Structure formats: structure tokens, C-alpha cells
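Novice: Dropping the sequence and predicted coords here.
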Amino acid sequence: MIHCEGLMKIYKTDDIEVVALQGLNLTVKQGEMMAIIGNSGSGKSTLLNILGGLDRPSAGTALVGKWDLLKMTKEQLIEYKRGTVGFIWQNNGRNLVPYLTSLQNVELPMLIQGKADRSYAKQLLAAVGLEHRLGSRLTQLSGGEQQRVAIAISLANRPQLVLADEPTGSVDSATGEQILDIFRRLNQDMGVTIVIVTHDLSVADKVDRVIAIRDGMTSTEWVKRSAGEASGDGHVEESSQDSGNALFGSHHEEFVVIDRAGRLQIPKAYLEAMNVSGKAVLEFDGKRVTIGPPEEDAVRSEPTET
Ligand SMILES: Nc1ncnc2c1ncn2[C@@H]1O[C@H](COP(=O)(O)OP(=O)(O)OP(=O)(O)O)[C@@H](O)[C@H]1O
């Protein structure tokens with residue numbers, strides 16, 4: 001469904017250039033529900049905006065379904081935004097028209113497309129548990145209910161892909177959980193691919209896969225283990241918070257992402273602990289690669305006896 005390779009985004013202002021994505025690789029399968037996490041400024045929103053057709057990539061490959069996001073014309077971009085992809089923002093104001101009812105809000109994108117379908121709009125509101133609030137104006141709905149209307153709106157034009165930017169960011173944790181359960185149901189029932197960008201680590205339990213972005217590149221990936229695997233021998237390797245292993249415990253298997261050119265990101269904490277900067281020594285024993293400081297640095301960093 002999504003294939004990004006070597007994706008670059010450079011923002012140019014008068015006198016500076018900001019490299020927001022620097023060769024990012026990402027593949028998302030059709031029908032997958034996954035999350036992207038990362039520190040502030042790591043490039044999550046930039047990636048989501050590119051996938052949503054709201055921003056243009058600078059270079060690389062970005063394919064979504066049949067669309068090539070680097071080569072699309074303006075007209076194709078409009079068609080893509082209306083028909084292929086649905087977007088949910090943290091800030092409801094961007095999703096919803098406050099003086100319309102829930103039902104009118106869901107019908108609006110259909111009308112813009114010239115494809116009014118009241119019964120499908122009702123069906124979507126029922127799917128998010130709001131069949132009893134069809135005629136309510138948005139001001140009469142709670143934050144969580146408004147977010148559910150936003151989910152129904154994102155599905156109005158039957159997109160194959162839904163992108164959600166911090167969908168649980170402005171609701172309490174119980175409501176956040178409900179929203180994620182709705183996503184999961186829609187993902188299973190309608191087969192829609194869902195990509196969630198979030199700071200909320202509890203999202204990990206609700207998705208198939210979590211990918212971390214660091215400095216504009218995908219760095220680490222956690223894949224949810226099946227119930228049998230998770231209970232296995234219960235052995236979980238401990239490592240620093242920065243590597244992320246401690247984030248999701250034994251329910252997820254952690255992988256480092258290696259791009260086609262063989263590049264990977266080593267967590268800063270590991271490099272500092274090894275006293276490695278600039279260059280390192282790699283050893284391969286036929287099965288595993290070990291990385292360490294160059295010999296003279298290793299000797300220098302060893303404690304001296306007195
Ligand atoms: N329109 C823009 N013009 C210039 N720089 C930008 C622009 N948008 C984002 N950036 C920069 O690109 C980098 C990535 O920003 P981005 O918003 O994608 O990060 P993020 O991971 O979504 O952060 P947050 O979690 O805080 O939303 C940051 O250094 C940011 O300052």
C-alpha cells in the first residue's frame with residue numbers, strides 16, 4: 001500500500017534549510033494497522049503530510065497504491081486526497097464544521113465529490129457508535145464523540161488508507177482506548193489500512209507494528225508477537241530506553257531497520273557507552289556482527305589501575 005524509499009524532505013526558508021526527512025524507508029502492507037512514534041521534530045508530521053498529499057517530497061520514492069507522490073500533477077493530487085486517503089487530525093477544528101450536525105459533517109465530503117449517500121453516512125456513524133447522535137451539532141458532543149465523527153468523516157469517500165495524526169492526543173486515556181478499538185474494528189471490517197502517528201506509547205498494544213523515526217529516518221521497528229510467542233520462554237533482553245526495547249516489553253519483538261545500502265542507526269546511548277564517535281570496528285563471527293571502538297580508543301577508555 002505504501003512504499004517509501006530514500007524519502008527526503010527539505011524545508012527551505014530565506015536563509016536556512018531544514019532536512020526534515022533524510023532518506024526515510026517505510027513499507028506498509030495493504031490492510032495493516034500500524035503506528036509511527038518519535039520525538040518532537042523527528043519528522044513524523046512531515047511524513048504524514050507527504051502521505052496525505054498535503055506536502056510534496058523533495059526527493060526519493062513515495063508510492064501509495066497506484067500513485068507516485070513525487071510525480072503527481074495538481075489534478076491527480078486533488079483526486080488522490082479526495083478518493084484514496086482519509087485524514088484525522090488531533091485538532092478537531094481541522095476535521096469538523098461546528099455548525100453542522102454529525103450526519104451533515106459526514107455527508108459533506110461525499111457532496112463535494114458529488115456522491116451523496118446518506119445511508120452510508122449513517123452506517124459510518126453507527127460503526128463509530130454514534131447512531132444515536134446523528135442530528136447533534138458538534139458543540140453538543142464531547143471531545144471523544146467529536147473525534148469519532150472525525151473518524152467517520154475520514155471514511156466518507158471510502159479511502160483505502162487512513163492517516164491519523166495524534167488521534168488520542170486530546171482525549172483521556174479511556175476515550176483514547178475506545179478510539180483505538182474503533183480503528184481496529186474498521187481495519188478488520190472494512191480492510192482499510194491505518195497509519196497512526198503518536199506520542200502515546202499505549203497505542204503499541206493496539207497495532208500490528210510500531211516504527212520509530214529518529215532524525216528523519218526509520219530507526220527501529222517493533223512487531224507484535226502472537227499470544228503463543230509472547231508467552232514463549234519469557235526471555236526479554238534488557239536494554240536502554242533509548243533503544244526502545246524497554247518501551248514495549250515482551251509483547252513485541254524489536255528490530256533495527258537496515259536500509260538497502262546496509263545503513264542502520266545505532267542509539268546514541270550505545271555509542272556513548274562504547275565511546276564510539278566518527279568511526280568504529282566491526283567484527284563478524286559468521287553469524288553476528290559486533291561493533292566497538294577502534295583499538296587505540298578502547299585502550300584509552302579503559303580504567304587505569306593505580
Ligand atoms: N514548514 C516548515 N518549514 C520549516 N521547517 C519545518 C516545517 N515543518 C517542519 N519543519 C521542521 O522539520 C523537522 C521535522 O518536523 P515535524 O513537524 O515533521 O516533526 P514531528 O516529529 O512531527 O514533531 P512533533 O511531534 O513535535 O509534531 C523539524 O526540525 C521542524 O522544525
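Specialist: On my side now, so go ahead. All of these numbers come straight from a predicted model, not from anything done at the bench.

Novice: Specify the residue ranges that define each domain of this protein.
Specialist: Using automatic domain parsing, the domain parsing of the chain gives 2-84+159-256, 275-301.

Novice: Could you tell me the end-to-end distance of the first one?
Specialist: The one in question is domain 2-84+159-256. 20 Å (Cα to Cα, to the nearest Å).

Novice: What is the neighbour count of the residue of the stretch 51-200 of the chain found nearest the ligand?
Specialist: Closest residue of the stretch 51-200 of the chain to the ligand, Cβ to the nearest ligand atom: H199 (6.5 Å). Backbone N, C-alpha and C define where each C-beta goes, glycine included. When neighbours are defined as other Cβ atoms under 10 Å, H199 has 13 of them.

Novice: Does it touch S170 like I think?
Specialist: No. Look at H199 against S170 with Cβ atoms under 8 Å: they stay out of range, at 11.8 Å.

Novice: where are the low-confidence patches of the stretch 51-200 of the chain?
Specialist: 92-93 (pLDDT under 70).

Novice: tell me, what residue is most central in the protein?
Specialist: Centroid check for the chain by Cα atoms, centre = their mean gives I36 as the closest residue, at 2.9 Å.

Novice: So what sits opposite that residue in the bridge?
Specialist: V197, I211 (DSSP bridges).

Novice: So it sits against V197, correct?
Specialist: Yes. With contacts counted by Cβ under 8 Å, I36 reaches V197, the gap being 4.9 Å.

Novice: if I look at S136, how far off is V149?
Specialist: Separation of S136 from V149 (Cβ to Cβ, to the nearest Å): 9 Å.

Novice: which neighbours do those two share?
Specialist: With contacts defined as Cβ atoms under 8 Å, 6 or more residues apart in numbering, the residues shared by S136 and V149 are S102.

Novice: Between these two, which has more neighbouring residues?
Specialist: V149 (26 against 15).

Novice: Residues of the stretch 101-250 of the chain that sit close to the ligand?
Specialist: Applying Cβ under 6 Å from any ligand atom, one finds that the stretch 101-250 of the chain does not approach the ligand at all.

Novice: tell me the helices in the stretch 101-250 of the chain, going along the chain?
Specialist: 102-112, 118-127, 143-154, 173-190, 227-231, 245-248 (DSSP state H, counting those that start in this stretch).

Novice: The third one - contacts with which helices or strands?
Specialist: Packed against helix 143-154 by the contact rule (3 or more Cβ pairs under 8 Å, 6 or more residues apart in numbering; DSSP states H and E) you find strand 85-88, helix 102-112, helix 118-127, strand 161-165, helix 173-190.

Novice: Would you double-check that H3 falls in a strand?
Specialist: Yes. Counting by DSSP: H, G, I helix; E, B strand; the rest coil, H3 is found in a strand.

Novice: In contact with it, which residues?
Specialist: L26, T27, T61, A62, L63.

Novice: Quick check: closest non-adjacent residue to the last one.
Specialist: Translated: L63. Once flanking residues are discounted, L63 sits nearest to H3: 4.5 Å by Cβ to Cβ, 6 or more residues apart in numbering.

Novice: what about the one you found, distance to L69?
Specialist: 10 Å.

Novice: Between these two, which contacts overlap?
Specialist: In contact with both H3 and L69: A62, L63, using Cβ under 8 Å, 6+ apart.

Novice: any idea which element D55 lies in?
Specialist: Under DSSP states H and E, no helix or strand contains D55.
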